[in-house]
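1. Here is a sequence with its predicted model. Questions after.
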Amino acid sequence: MHTWTQRLLSAATTAAFLLLAACAAASALDAFHAPSVQAQARVTKINRFHKQLNGNDKVMLTFNISANLESLFTWNTKQVFVFLTAEYENSKNSLNQASLWDHIIPDKQHANLHLEVKSKYPLIDQGSSLRGKKVQLVLHWHIMPKAGVMIRDRMPLSEFKLPDVYTS
Amino acid sequence: MDWQGQKCAEMLMQLLLVVSAVAAFLVGYAMADFQLMLLVYAGGVVLTALVTIPNWPFFNRHPLKWLDAAEADRHPRPQVCAATTAGKKKIGKNK
């Protein structure tokens, strides 16, 4: 009553369970990994700042980013999604977040960024509260592991002040 | 596969799988390569399957020795004798 199919099934079940255990262990090791990220971002130019026809403020920015994200990568990292947001406060909301730029880093070799980019997405305020507003640039990253849960973190970078008048 | 062979196959399967999982994890961590861990483990699983799933002659070295029918006829099963139970009524009843 002990056939090869029974042995195959019991071997497959044990193998799957141990694979799960190995993945869980790899994921658990990430909890002890303390990355040290160095990053700077600075707005170099305000390309256009105007009020849209629907009454919303819209800003197109150019900024410098230098970020060394190599320490985020471990043997269990598939890729890192990094994005820059502008965060500000107005009378309607205590926190407004707008994504300005994002990037997918596929491996450690491409994790040292030195870029001067135009904002991929415009900063649009739902309203017209951006004139003379102090805006905080924040770098966010989502670490997508090969096994385990996604790890998110953020780092506030520089602040900048928008001009008091529209540029066009 | 005989009884000893079944026990041996089961233990061998678990031992080989655990050893290959631990080895794969250590190699993967040391080389910082997740894919290498999966490959080493897959190799271990295939090896385990080859060793423990087919009915190798190795697992059949302790065959059960059955008595043949003629031998059983020569030594019939002892019958409960009426004379002995009559003397010990209570025990006989309990039986």
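-> Nice, thanks for sending it over. Computed from a prediction, not measured in an experiment: that's the story for all the values here.

2. can I have whichever strand or helix holds A:Leu113 written out in CSV, keeping just the CAs?
-> In the assignment (DSSP states H and E), A:Leu113 maps to strand A:112-118. Taking C-alpha atoms only, strand A:112-118 is exported to CSV below (Å, rounded to 0.1, in the frame of the first residue of the first chain):
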residue,chain,number,x,y,z
ASN,A,112,23.0,56.0,-7.6
LEU,A,113,21.0,58.8,-9.2
HIS,A,114,22.2,62.2,-10.3
LEU,A,115,19.6,63.8,-12.4
GLU,A,116,18.3,67.1,-13.5
VAL,A,117,14.8,66.6,-14.6
LYS,A,118,11.7,68.4,-15.5
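
3. can you list contacts of the helix or strand that that strand is followed by?
-> Later in the chain than strand A:112-118, the nearest helix or strand by DSSP H and E is strand A:123-125. Residues outside strand A:123-125 that contact it (CB atoms under 8 Å, 6 or more residues apart in numbering or on different chains) are A:52, A:56-61, A:86, A:90, A:96, A:98, A:100, A:130, A:135. (Each C-beta comes from the backbone N, C-alpha and C, glycine too.)

4. Over to stretch A:50-58?
-> By CB under 8 Å, 6+ apart, stretch A:50-58 touches A:48-49, A:122-131, A:166-168.

5. go again using 6 Å as the cut-off
-> Stretch A:50-58 is contacted by residues A:122, A:124-126, A:128, A:130, A:166, A:168 when judged by CB atoms under 6 Å, 6 or more residues apart in numbering or on different chains.

6. next one: stretch A:145-161
-> Residues contacting stretch A:145-161 (CB under 6 Å, 6+ apart): A:23, A:26-27, A:37, A:39, A:41-43, A:76-78, A:134-144, B:34.

7. what comes up buried for it?
-> A:145-148, A:151, A:157, A:160 (16 or more other CB atoms under 10 Å in any protein chain shown).

8. Pretty sure A:Ala86 sits in a strand.
-> Yes: using DSSP: H, G, I helix; E, B strand; the rest coil, the assignment for A:Ala86 is a strand.
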